[in-house]
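Asks: Build me a structure from this.
(one chain, ligands or ions: 1)
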Amino acid sequence: MIRKVCVIGWPITHSRSPLIHNFWIRKYGVENAVYERLAVPPEDFVATLRDLSTWGFIGANITVPHKETAFAALQFHDDVAARLKAVNTVVTTPRGLEGRNTDGYGFIANLRERAPSWRSSRGPAVLIGAGGAARAIAAALESEGVPELRIVNRTHARAEALAADLRLRHARIVDWQEAHTALSGANLLVNTTTLGMKGAGEVELPLEALPSTALVTDIVYTPLETSLLRRARARGLATVDGLGMLLHQAVPGFEAWFGIRPQVTAELRALVLADMGIVEN
Ligand code: ATR
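Replies: Next comes the predicted model:
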């Protein structure tokens, strides 16, 4: 029997998940396995998810704009998806289809790989943004034992809602205009907004107030080095780009579907970068 998995989104053309999973399928010699792209508009999403097994799929990744709808439509969830009320990975389990969320895992695994000496417990983390990605990262950082989360978002109410919905125990909301005040003593600065992407604006926050030991990371990976990361590097700070989060978030899904824990390697990173038209030095 062919084990089929897909990524469902709308639009889906630019998803790199097929590239990543089909690379691992080949690399590990997984037989009779295939990973496809499924473009599904919002009005058809719930029916598609319901009929996933009928179509022969043993699992799926869920991406924009379906992550919250997937949570609502599925009966079973793991603890992380239940907390975030958003699903990016669907797995067939003995009780039925289960929704999981591996975005926060991917974020932390990327930091562990690229900045192995960084320790979450050493000081406050500053989060720019309060969207879906920020939620996954905030929950993951709290689970990792970050002593304080300072959330800075253009729309103040959304930052408040994030902290309240996730019942964050050590959150502090900082006004967008006062963002620089969040940096003093911080151990981590994360951009979770679209700022820095080609065509979007930039994170203009001055970085002077960050301690020299702080790590700066961005979930934007096109360009690979955003202006935020470039400014941080120019100041001598350690930086981690966002590509690894994309690669690492795929690991738990692949393991659940095919029974092999895949590795994020330089070869995979180069493959995805080449697909984006980037050659890394
Ligand atoms: P995602 O699910 O990918 O995180 P999202 O839910 O649309 O996407 O969230 C986008 C984030 O980027 C939000 O924090 C948004 O700020 P608002 O809540 O104020 O909308 C932030 N963002 C997007 N464009 C921005 C801009 N030009 N300036 C500041 N923040 C911006």
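Asks: Return the residues of the stretch 51-200 of the chain in contact with the ligand.
Replies: 129-134, 153-155, 158, 192-195 (Cβ under 6 Å from any ligand atom). Where you see a C-beta, it was placed from the backbone N, CA and C, and this is true even at glycine.
Asks: Out of those residues, which end up buried?
Replies: The neighbour-count test (16 or more other Cβ atoms under 10 Å) marks 129-130, 132-134, 153, 192-193, 195 as buried among those.
Asks: circling back to that earlier point, mind giving me CSV with the residues of the stretch 51-200 of the chain next to the ligand and columns for distance to Glu113, pLDDT and secondary structure?
Replies: As requested, those are exported to CSV (distance: Cβ to Cβ, whole Å; pLDDT from 0 to 100; DSSP: H, G, I helix; E, B strand; the rest coil):
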residue, distance to Glu113, pLDDT, secondary structure
Gly129, 22, 98, coil
Ala130, 26, 98, coil
Gly131, 24, 96, coil
Gly132, 23, 95, helix
Ala133, 19, 97, helix
Ala134, 21, 97, helix
Asn153, 28, 98, strand
Arg154, 30, 98, coil
Thr155, 32, 98, coil
Arg158, 30, 98, helix
Thr192, 19, 98, coil
Thr193, 23, 97, coil
Thr194, 24, 95, coil
Leu195, 24, 96, coil
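Asks: who touches the closest residue to the ligand within the stretch 51-200 of the chain in this structure?
Replies: Nearest residue of the stretch 51-200 of the chain to the ligand: Gly131, at 2.1 Å (Cβ to the nearest ligand atom). By Cβ atoms under 8 Å, 6 or more residues apart in numbering, the contact list for Gly131 reads 158, 192-193.
Asks: would you turn these into CSV with distance to His21?
Replies: As requested, the contacts of Gly131 are arranged in CSV below (distance: Cβ to Cβ, whole Å):
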residue, distance to His21
Arg158, 32
Thr192, 24
Thr193, 27
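Asks: ok, and the closest non-adjacent residue to the residue nearest the centre of the chain?
Replies: Nearest to the geometric centre of the chain sits Asp103, at 3.6 Å (Cα atoms, centre = their mean). Using Cβ to Cβ, 6 or more residues apart in numbering and skipping the chain neighbours, the partner closest in space to Asp103 is Ala136 (3.7 Å).
Asks: before we move on, what about Ile151?
Replies: Distances taken as Cβ to Cβ, 6+ apart place Ala159 nearest to Ile151, at 4.4 Å, with adjacent residues excluded.
Asks: The one you found is in what secondary structure piece?
Replies: helix 156-165 (DSSP states H and E).
Asks: Could you pull out the strands in the stretch 51-200 of the chain for me?
Replies: 57-62, 76-77, 89-93, 96-100, 125-128, 149-153, 171-175, 188-191 (DSSP state E, counting those that start in this stretch).
Asks: Check which helices and strands the last one sits against.
Replies: Strand 188-191 makes packing contacts with strand 125-128, strand 215-218 when contacts are defined by 3 or more Cβ pairs under 8 Å, 6 or more residues apart in numbering; DSSP states H and E.
Asks: Lovely, talk soon.
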